[in-house]
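In: quick one: sequence plus predicted model below, questions after.
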Amino acid sequence: MKVIFIDNGVTGSIGWYDGSHFGFLPTPTVKVQDYTKAKKNVSRIDVANLVGVLESIVEGDKAGCQVVLERPLVNPERFNATVSAVRALEATISVLETMGLSYRFCDSKEWQRGLLPSSGHKGVASATLKQESRDIGIRMFPSLGDSIRKHKDADGILGAYSFWLKRGEI
């Protein structure tokens, strides 16, 4: 079974792992003019590009793939980030459903547990978890080091690896 993990959001990543083959890349996005009255640009999921990426990962074997999608940030105190995350989630779900790919949701703690040393500790800063993700991802998947360093974390590939280990529970 191939596990595809999508770290939700316009700054997220996609990782896949099947026990011997793996990959990692940033979620494809596009900058567009915002839909509000203010004149500014926002990042959105590049739907056509996401379809192409997922088709190349799936390689025609939809039944042999399981997609795990991280739940979005939802925090009323961070309204703009929440709107962006929910907008990205809806676009991603539309792509997955159109492609006929099965998916499930997870919380970040679910894949981080057992992989990141600070996971599960109260009050750990997000920056600490991102640094641990980057460092552990580079150590576990050295061939992806440049991509991980550029992206600044390895959440996509570590999530895929974590759920591949738990594949009987998905």
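Out: All right, it came through fine. Being a predicted model, the structure only gives us computed values, none of them experimental.
In: tell me, what residue is most central in this structure?
Out: Nearest to the geometric centre of the chain sits Asp7, at 1.6 Å (C-alpha atoms, centre = their mean).
In: now that one: how far from Ser147?
Out: Distance, Asp7 to Ser147, by C-beta to C-beta, to the nearest Å: 13 Å. Glycine gets a C-beta too; all of them are placed from N, C-alpha and C.
In: quick one: buried residues of whichever helix in the chain runs longest?
Out: Using DSSP state H to define each element, the chain has its longest helix at helix 79-99. By neighbour count with 16 or more other C-beta atoms under 10 Å, helix 79-99 contains the buried residues Ala81, Ser84, Ala85, Arg87, Ala88, Leu89, Ala91, Thr92, Val95, Leu96.
In: now the last one, nearest residue through space, not along the chain?
Out: Using C-beta to C-beta, 6 or more residues apart in numbering and skipping residues adjacent in sequence, the residue nearest Leu96 is Tyr103, 5.0 Å away.
In: contacts only, for that neighbour.
Out: Gln66, Val67, Val68, Leu69, Ile93, Leu96 (C-beta atoms under 8 Å, 6 or more residues apart in numbering).
In: and the helix or strand the third one falls within, what does it pack onto?
Out: Secondary-structure element containing Val68, defined by DSSP states H and E: strand 65-70. Strand 65-70 is packed against strand 2-7, helix 79-99, strand 103-106, helix 108-112, helix 155-165, with contacts defined by 3 or more C-beta pairs under 8 Å, 6 or more residues apart in numbering; DSSP states H and E.
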